[in-house]
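# test case, fold it:
(one chain, ligands or ions: 1)
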Amino acid sequence: MHVHNYEKLWLGASLLLIVGFISTIVYGAAGAGITMVNDEGGQVNPKELGNTSGFDDPGVTKVGPNEYEVHIVALQFAFQPGTVELPANSTVTFYVTSRDVVHGFEVAGTNANTMVIPGEVSQITVEFDEPGEYGIVCHEYCGAGHHSMAAELIVREPSNFTMQDDTQTPTSGNETTNATATPTGGESA
Ligand code: CUA
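This is a model prediction of the structure:
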């Protein structure tokens, strides 16, 4: 059977396209480090956040040299706290949960991006090398005020940074106990 050269060319081109499409899907699913919200961050009772360690007083906690944890509560239609301040050259693990409906949590301009599901704690670790200001936005439609649900992240020069909450001294023993109680394995920055 004779196959025309043009026909061969189109066959080859369409095969190449199919391989290309499959490669982008495989990369998006496995290569880009995107995972579903899993049990890594643990589970909480969304009605009892006021009595849940970390979420009863959301905000920044220093857990080691240049290491911080940030607990954030998402609710219709805000994040608590509304402003997060951190020093540059730090490794930061966010623990985010919702007290009402499904929200989103994205630190605009970084790859920190997760769904926030009531009862689940979304855990993401991010490194901030440079000072800068980032918007935190909700990217899951969560009700009439969704478009206004935002917060602010300010990464300061380490010399300009002081912990916002005076009760949390940088090397407090309590905070270290908290940190070891939460699983911190398998981080992907
Ligand atoms: Cu919260 Cu949209």
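
# with just CA atoms, put the top helix by length along the chain into PDB.
Across the chain, the longest stretch assigned as helix under DSSP state H is helix 5-26. Output of helix 5-26 as PDB, limited to C-alpha atoms (Å, rounded to 0.1, in the frame of the first residue of the first chain):
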ATOM      1  CA  ASN A   5       4.200  11.800   1.800                       C
ATOM      2  CA  TYR A   6       1.600  14.500   2.900                       C
ATOM      3  CA  GLU A   7      -0.400  11.800   4.600                       C
ATOM      4  CA  LYS A   8       2.800  10.600   6.400                       C
ATOM      5  CA  LEU A   9       3.500  14.100   7.500                       C
ATOM      6  CA  TRP A  10       0.100  14.600   9.000                       C
ATOM      7  CA  LEU A  11       0.200  11.200  10.700                       C
ATOM      8  CA  GLY A  12       3.500  12.100  12.200                       C
ATOM      9  CA  ALA A  13       2.400  15.600  13.200                       C
ATOM     10  CA  SER A  14      -0.800  14.300  14.900                       C
ATOM     11  CA  LEU A  15       1.200  11.600  16.800                       C
ATOM     12  CA  LEU A  16       3.600  14.300  18.000                       C
ATOM     13  CA  LEU A  17       0.600  16.400  19.200                       C
ATOM     14  CA  ILE A  18      -0.900  13.400  21.100                       C
ATOM     15  CA  VAL A  19       2.500  12.700  22.800                       C
ATOM     16  CA  GLY A  20       2.800  16.400  23.600                       C
ATOM     17  CA  PHE A  21      -0.700  16.600  25.200                       C
ATOM     18  CA  ILE A  22      -0.100  13.500  27.300                       C
ATOM     19  CA  SER A  23       3.300  14.900  28.400                       C
ATOM     20  CA  THR A  24       1.800  18.200  29.600                       C
ATOM     21  CA  ILE A  25      -1.000  16.300  31.500                       C
ATOM     22  CA  VAL A  26       1.600  14.000  33.100                       C
END
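
# now what about the helix or strand containing residue 94, what contacts it?
Applying DSSP states H and E as the criterion places residue 94 in strand 90-98. Residues outside strand 90-98 that contact it (CB atoms under 8 Å, 6 or more residues apart in numbering) are 41, 44, 46, 49, 54-55, 66-75, 86, 105, 112, 114, 116-128, 155, 158, 182, 184, 187, 189. Bear in mind the C-beta positions are built from the backbone N, C-alpha and C, glycine included.

# parallel or antiparallel, list what pairs with the helix or strand following that strand.
For strand 90-98, the following helix or strand on the C-terminal side (DSSP H and E) is strand 103-107. Strand pairing for strand 103-107, determined by DSSP bridges: strand 113-116 (antiparallel), strand 132-137 (antiparallel).
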